[in-house]
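Chemist: Sequence and predicted structure are below.
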2 protein chains.
Amino acid sequence: MKSDPRIEQALGRAIEPGELSGCPPRLAAAIRYAVFPGGARIRPRICLAVAQACGEDHPGVVDAALASIELLHCASLVHDDLPCFDDAATRRGKPSVHRAYDERLAVLAGDAMIVLALESLADGCAAAPARLPALLRIIGRAVGTAGGIVAGQAWECEPRSVLAQYQQAKTGSLFAAATMAGAAATGAADAQAWSLLGERIGEAYQVADDILDVAGNASEIGKPVGRDAALGRPSAVAQLGMAGAIALVQRLVSEAAASVPDCLGIDALRAVIRAQAEALLPRDRLQAA
Amino acid sequence: MKSDPRIEQALGRAIEPGELSGCPPRLAAAIRYAVFPGGARIRPRICLAVAQACGEDHPGVVDAALASIELLHCASLVHDDLPCFDDAATRRGKPSVHRAYDERLAVLAGDAMIVLALESLADGCAAAPARLPALLRIIGRAVGTAGGIVAGQAWECEPRSVLAQYQQAKTGSLFAAATMAGAAATGAADAQAWSLLGERIGEAYQVADDILDVAGNASEIGKPVGRDAALGRPSAVAQLGMAGAIALVQRLVSEAAASVPDCLGIDALRAVIRAQAEALLPRDRLQAA
């Protein structure tokens, strides 16, 4: 999928403070390395699509929201790749941050990206400051301890975890934040109504990721395959089989499209959802299913 | 120094979301372990003292600001203690978080505390939401890449660093944020005017920490001594000698007291600054100096 210049520029602006005077050069370089070039940028694309469907009046606020969400996603990848977690040698087709720099800079780059992601909302909302509290709450909760990304990763450190709860926290939460933040960035009063859309897309994405881990090609997806089985991690393919997992993705995408709240651009938004879902799965498997 | 129940309660409220449903129990426990019992709580005490000197009208906003600052300090300690940095076995007289739990939970607890610290400002400012943007900027910048704590730690990963820049970023920045946030939490328009006070206190504190690392007693200060020399870290004692370092602390505290901007409670605030400074140094060394 072609990169969206608006998303790339918004991310560039969000990490800019990291490259001003006062930032150690290797830290600034590690942050830029972790953010560019990106992966599919699915979360910011969804955030932007929702904002456009709602009718965005302050593009700067939307840019800040989508950049914040993608920075937090990138930060979580940097920390997930650390030796004490997945010890991943590669990410997005190049050495992981702790391999390209060192472990200390990987810890610090992740920390810095969390701070930048939340702090940059203050400047981003300058044109509509009344939207800041909702955006900060929505995005903060999506990565935090109560069902957010950090909680999701921490379920891997518990003796027992429930697959659905683990996936909802580790992946679904930030997708739900992407749709809710897209709405909140346009001043929508009921951002919560957009949560189900993000949750379903996130679930579909997580299951698709499990499928790619089994059926994908490392060079195409830019990371090693077979990691879930090797690390004994919960996986939808292990639980449902390949055909069951593919059917589940398709059902979740339909539910996502059906869940879109009434808005100006509802048809265009549904088309975006279906197009992005199709890009998630290995083509040959989809045809076989 | 006796703990301040108001500060402890504010911290308890700030980490509460981490203990609600959705948070893996070991993560919630690791966060609580990292925050309680605390150290000297110098930063939140200074923040509170400034707010009281300015005349606080919304105590909830002040509580959110001081808790945010202390949570970020605690988060930085958890990550600084990691094996890839200081590999500290103890902190505040008990095993460090990665020793008491494990390295993964130490990474995640630090991440979670950064998120909680910034996110909790949204709820904390509910009574005066117009103060949220300034507080988020002040506190975010103090821990970020442009001269904040993360930058300070990252100077340790550069081939060359300047002692003053390193200390300003690693310690001074959060002290400056404590005084500025104390003022901003009361709605003061010119929070920047309070920066110098925090910077001077932070510099004094950093030099005092270097002194304790040489002249302190591990059981009294709750962490191992002699680490700066062992790790080849920059230190004011190595640079100026012990007597020079002690004279520097005394000069910095005088400059701090002289820098207090005009406010309702200026005399009480100066007294607090002097009392806290005295508590920083080993008593026998002060008398000898």
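Modeler: Received the coordinates, thanks. Residues are numbered from 1 along each chain as shown, chains lettered A, B, ... in the order given.
Chemist: Check whether the helix or strand hosting A:Gly60 comes near chain B.
Modeler: Element membership of A:Gly60, judged by DSSP states H and E, is helix A:59-80. Yes: Helix A:59-80 lies within reach of chain B by Cβ under 8 Å from any Cβ of the partner chain, at A:75, A:79. Backbone N, C-alpha and C define where each C-beta goes, glycine included.
Chemist: before we move on, what about stretch A:182-195?
Modeler: No: no part of stretch A:182-195 sits close enough to chain B to count as contact by Cβ under 8 Å from any Cβ; the gap is at least 11.8 Å.
Chemist: Check which residues of that stretch are buried.
Modeler: Buried residues in stretch A:182-195, counted by 16 or more other Cβ atoms under 10 Å in any protein chain shown: A:182-188, A:191, A:193-195.
Chemist: Mind checking what secondary structure the residue nearest to A:Trp155 when sequence neighbours are not counted has?
Modeler: Among residues not flanking A:Trp155 along the chain, A:Ser161 sits closest, at 4.0 Å (Cβ to Cβ, 6 or more residues apart in numbering or on different chains). Using DSSP: H, G, I helix; E, B strand; the rest coil, the structure places A:Ser161 in coil.
Chemist: so A:Ser161 touches A:Gly232, yeah?
Modeler: No: under the criterion of Cβ atoms under 8 Å, A:Ser161 makes no contact with A:Gly232, lying 11.9 Å away.
Chemist: Pick out whichever of the two has more residues nearby.
Modeler: A:Ser161 (17 against 9; other Cβ atoms under 10 Å in any protein chain shown).
Chemist: Enumerate every residue touching that one.
Modeler: For A:Ser161, the contact set (Cβ atoms under 8 Å, 6 or more residues apart in numbering or on different chains) comprises A:155, A:234, B:24.
Chemist: Which element, helix or strand, includes the closest residue to the last one other than its chain neighbours?
Modeler: I take that to be B:Pro24. Spatial nearest neighbour of B:Pro24, chain neighbours left out: A:Ala154 (4.2 Å); criterion: Cβ to Cβ, 6+ apart. For A:Ala154, the host element (DSSP H and E) is helix A:149-155.
Chemist: for that helix, what is the average pLDDT?
Modeler: Helix A:149-155 carries an average pLDDT of 91.
Chemist: chain center to that helix: distance?
Modeler: Between the centre of helix A:149-155 and the centre of its chain there are 14 Å (Cα atoms, centre = their mean, to the nearest Å).
Chemist: Then stretch A:13-27?
Modeler: The answer for stretch A:13-27 is 23 Å, by Cα atoms, centre = their mean.
Chemist: who touches it?
Modeler: Residues external to stretch A:13-27 that are found in contact with it (Cβ under 8 Å, 6+ apart): A:28, A:31-32, A:35, A:63-64, A:67-68, A:71, A:101, A:105, A:108-109, A:112-113, A:116-117, A:119-120, A:124, B:141, B:144-148, B:150-151, B:154-155, B:157-158, B:161, B:165, B:169.
Chemist: can you give me the helices for the stretch 101-250 of chain A?
Modeler: A:103-124, A:132-143, A:149-155, A:163-167, A:173-184, A:195-215, A:218-221, A:227-231, A:236-259 (DSSP state H, counting those that start in this stretch).
Chemist: which other helices and strands contact the third one?
Modeler: Think helix A:149-155. helix A:59-80, helix A:132-143, helix A:163-167, helix A:173-184, helix B:25-35, helix B:103-124 (3 or more Cβ pairs under 8 Å, 6 or more residues apart in numbering or on different chains; DSSP states H and E).
Chemist: Quick check: which ranges of the stretch 101-250 of chain A have low pLDDT?
Modeler: Scanning the stretch 101-250 of chain A for pLDDT under 70 picks out A:219-223.
Chemist: do stretch A:216-232 and chain B meet?
Modeler: No: using Cβ under 8 Å from any Cβ, stretch A:216-232 stays clear of chain B, coming no nearer than 12.6 Å.
Chemist: Near chain B, which residues of the stretch 151-289 of chain A? Just list them.
Modeler: Taking Cβ under 8 Å from any Cβ as the contact definition, the stretch 151-289 of chain A meets chain B at A:151, A:153-158, A:161, A:169.
Chemist: Top of those residues by number of neighbours, please.
Modeler: The most neighbours of any of these, using other Cβ under 10 Å, belong to A:Ala154, which has 30 neighbours.
Chemist: Is A:Val50 in a helix, a strand, or coil?
Modeler: Assigned with three-state DSSP, A:Val50 falls in the helix class.
Chemist: Quick one: neighbours of it, just the number.
Modeler: There are 34 residues near A:Val50, going by other Cβ under 10 Å.
Chemist: Next up, the contacts around it.
Modeler: If you count contacts by Cβ under 8 Å, 6+ apart, A:Val50 has them with A:178-179, A:182-183, A:194, A:197, A:269.
Chemist: what do you get for A:Leu252?
Modeler: By Cβ under 8 Å, 6+ apart, A:Leu252 lies in contact with A:200-201, A:203-204, A:207.
Chemist: And it, how close does it get to chain B?
Modeler: For A:Leu252, the distance to chain B (Cβ to the nearest Cβ, to the nearest Å) stands at 21 Å.
Chemist: Find the residue closest to that residue in space, skipping its chain neighbours.
Modeler: Residue nearest to A:Leu252 in three dimensions, not counting chain neighbours: A:Ala204, with 3.9 Å by Cβ to Cβ, 6+ apart.
Chemist: Run a quick check on that neighbour versus A:Ala247, I expect a contact.
Modeler: No: with contact defined as Cβ under 8 Å, A:Ala204 does not count as touching A:Ala247 (11.5 Å).
Chemist: Of these two, give the one with the bigger neighbour count.
Modeler: A:Ala204 (27 against 14).
Chemist: re earlier: please identify the deepest-packed of the helices of the stretch 101-250 of chain A.
Modeler: helix A:173-184 (a mean of 30; mean count of other Cβ atoms under 10 Å in any protein chain shown).
Chemist: chain center to that helix, what's the gap?
Modeler: For helix A:173-184, the distance to the chain centre is 10 Å (Cα atoms, centre = their mean).
Chemist: same question, stretch A:8-16
Modeler: Centroid displacement of stretch A:8-16 relative to its chain, using Cα atoms, centre = their mean, is 16 Å.
Chemist: okay, it in PDB with CA atoms only?
Modeler: Taking C-alpha atoms only, stretch A:8-16 is exported to PDB below (Å, rounded to 0.1, in the frame of the first residue of the first chain):
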ATOM      1  CA  GLU A   8       4.400  10.800   7.000                       C
ATOM      2  CA  GLN A   9       4.600  14.600   7.400                       C
ATOM      3  CA  ALA A  10       2.500  14.500  10.600                       C
ATOM      4  CA  LEU A  11       4.900  11.900  12.000                       C
ATOM      5  CA  GLY A  12       7.900  14.000  11.000                       C
ATOM      6  CA  ARG A  13       6.500  17.000  12.800                       C
ATOM      7  CA  ALA A  14       5.700  14.900  15.900                       C
ATOM      8  CA  ILE A  15       9.300  13.700  16.300                       C
ATOM      9  CA  GLU A  16      10.900  17.000  15.300                       C
END
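Chemist: Can you point out the buried residues in that stretch?
Modeler: Buried-residue list, stretch A:8-16, by 16+ other Cβ under 10 Å: A:8, A:10-11, A:13-15.
Chemist: That one - what's its average pLDDT?
Modeler: For stretch A:8-16, the mean pLDDT works out to 94.
Chemist: Likewise for stretch A:38-46?
Modeler: Computed over stretch A:38-46, the mean pLDDT rounds to 93.
Chemist: Endpoints of it, how far apart?
Modeler: Separation of the first and last residues of stretch A:38-46 by Cα to Cα, to the nearest Å is 15 Å.
Chemist: Having no further points to raise, I will conclude here.
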